[in-house]
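Chemist: Starting from these lines, generate the structure:
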Amino acid sequence: MVSRRVRAIAALVLMGASIVLAAVVAVQTFPNGLTVFACLLLAVLAAWWGLLRRRLERALGVVAAGLLSAGAVVLVLLEGRPLLDALIVVGVGLSLAAAREAFVAHTEWPAAVPPTYPVLFYNPKSGGGKAERVNVADEARARGIEPIELHLGEDLELLVREAIAGGADAVGMAGGDGSQAVVAAIAAEHGLPYVCVPAGTRNHFALDLGVNRDDVVGALDAFTKGGERIVDLAEVNDRVFVNNVSLGVYAEAVQQASYRDAKLQTLAETVPAVLGPESEGFELSWVGPDDRHYRTSAVLLVSNDRYRLKRALGSGTRPRLDEGQLGIVVIGSHDAGENGSQHVEEWTAPSFEVQSDQIVAAGIDGEAVQLEPPLRFRARPAALRVRIAPQHPGASPSANVPAGALDAIRQLMRVALSRPHPAGRS
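Modeler: Model (predicted):
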């Protein structure tokens, strides 16, 4: 296995070479590089203008964005250095990939006593039938775990409670994040260990827990020989979630019957209905960390611990699941004085409340629901005992990633200059 030291050296060399090459190209092609940037910026603005509108105006915006993007490509080709530009892009991409691997954490959690009657619930259709493809039921039985299949129309919560009443002393779920939240909530309620088996489509909770999403069968080892860590849960109006609750554009799109089969198209059609000049103007309101009142109809995301955002490495994951805080992210907010902001605002809080004058569409761990306002969010610190298989990372991909670029470079240099270990994990 390639060591962290080699990965760190590769990341530094590739990034340095890419920066030098980019500087040389920028000097030799000035001012064409600025023209390319201007075309791309105008393309983004045209696309956004069209996205907020319907029919002919949307088509015009898309066409303008396409023409401007094509113009940027033509300018790059006229410079006569497309190969160098491609090398820069590839070099930066490879450098980021190597850096990401260099910062991968592997945490060994304290060994836990194996349960005497573990039960695994599995959804055979989740994730395109992932649990069925790997024969998760047979693999569970081979480890002394009782598998219980979730059939269409059955109440998962009732099945879990019946199993616990029958003596189950550890429970797990092989399915999507919505199902994970149901089982995790009941496990937390009874103080039982819980195992997350990544048999859903995205498996975001598994990723941030440190479960290898590509090793569905291996995740079952958490029942029999896993270490135990304590993580947080969160809730909205007494409903537990493990990842996040989305409000605004995405939540409205998820409500549509067409979303499952045409996600991007449905999302694009929802944007003008929510944000465009002809929108009905529903709004969500709250009190910000500065004690001022704000509102939005764009995007509001409340998560179980904060996400790492606006970073090249580890973006979209949660570095920790034990901070005991809600992560709150807002795009497109307005204060009481009508001052608008389109940039991303984020903060943390142990609780949060959202008001609205109508029923609120929400996506809870990716599932469409309707919530009665006010929406009361609350963090539940150290609520859940989670078992992790010993061969899995045991930590989020961003757990060890530095906060800024300079810190990342310093740490990469420290790893690159360190002495290699003769044995042990890389």
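Chemist: packing partners for the longest strand seen in the chain?
Modeler: Counting residues, the longest strand found in the chain (DSSP state E) is strand 375-388. Packing partners of strand 375-388 (3 or more C-beta pairs under 8 Å, 6 or more residues apart in numbering; DSSP states H and E): helix 177-190, strand 193-198, helix 221-225, strand 227-236, strand 244-248, strand 326-335, strand 351-354. Placement of C-beta: from N, CA and C, glycine included.
Chemist: Now find how far off-centre stretch 142-152 is within its chain.
Modeler: Mean-position distance between stretch 142-152 and its chain equals 28 Å (C-alpha atoms, centre = their mean, to the nearest Å).
Chemist: meant to ask about stretch 289-300
Modeler: Distance, centroid of stretch 289-300 to centroid of chain: 22 Å (C-alpha atoms, centre = their mean).
Chemist: Poorly predicted segments of the stretch 151-300 of the chain, please.
Modeler: 249-282, 297 (pLDDT under 70).
Chemist: mind running it again at 90?
Modeler: 152, 201-202, 246-284, 290, 292-300 (pLDDT under 90).
Chemist: For residue 199, give me phi and psi.
Modeler: The phi/psi pair for residue 199 (degrees, to the nearest 10) reads phi -110, psi 20.
Chemist: Same question for residue 318.
Modeler: Backbone torsions of residue 318, given as degrees, to the nearest 10, read phi -100, psi 120.
Chemist: Contacts only, for it.
Modeler: Going by C-beta atoms under 8 Å, 6 or more residues apart in numbering, residue 318 touches 208, 303-308, 327, 396, 398.
Chemist: between the helices and strands packed on strand 375-388, which gets nearest to residue 367?
Modeler: helix 177-190 (4.2 Å; C-beta to C-beta).
Chemist: neighbouring contacts of the closest one?
Modeler: Looking at what lies outside helix 177-190 - C-beta under 8 Å, 6+ apart - the contacts are 121, 123, 126, 150, 156-157, 160-161, 164, 171-173, 193-194, 196, 200, 202-206, 233, 240-243, 364-367, 380, 383-385.
Chemist: Next, the buried residues of that helix.
Modeler: Neighbour counts using 16 or more other C-beta atoms under 10 Å place 177-188 of helix 177-190 among the buried residues.
Chemist: again, but for stretch 118-131
Modeler: The neighbour-count check on stretch 118-131 (16+ other C-beta under 10 Å) flags 118-127, 130-131 as buried.
Chemist: now, which of these sits nearest residue 287?
Modeler: So of the buried residues of stretch 118-131, ranked by how close each gets to residue 287 (C-beta to C-beta), first place is residue 126, at 37.9 Å.
Chemist: thinking again about what came up before, note down every partner strand of the longest strand of the chain and its orientation.
Modeler: Partner strands for strand 375-388, per DSSP bridges, with pairing direction: strand 193-198 (parallel), strand 227-236 (antiparallel), strand 351-354 (antiparallel).
Chemist: right, so of those strands, which gets closest to residue 59?
Modeler: Among the strands paired with strand 375-388, if distance is taken as C-beta to C-beta, the winner is strand 351-354, at 35.2 Å.
Chemist: And residue 360, how far from residue 125?
Modeler: 29 Å (C-beta to C-beta, to the nearest Å).
Chemist: same check, this time on residue 344
Modeler: Taken as C-beta to C-beta, the span from residue 344 to residue 125 is 35 Å.
Chemist: Give me the subset of the contacts of helix 177-190 that lies in strands.
Modeler: 121, 171-173, 193-194, 196, 233, 240-241, 364, 367, 380, 383-385.
Chemist: Show the buried residues in those residues.
Modeler: Buried among the ones in strands among the contacts of helix 177-190 (16+ other C-beta under 10 Å): 121, 171-173, 193-194, 196, 233, 240-241, 364, 380, 383-385.
Chemist: And the strands in the stretch 251-400 of the chain?
Modeler: 284-287, 293-296, 299-304, 326-335, 340-349, 351-354, 360-364, 367-371, 375-388 (DSSP state E, counting those that start in this stretch).
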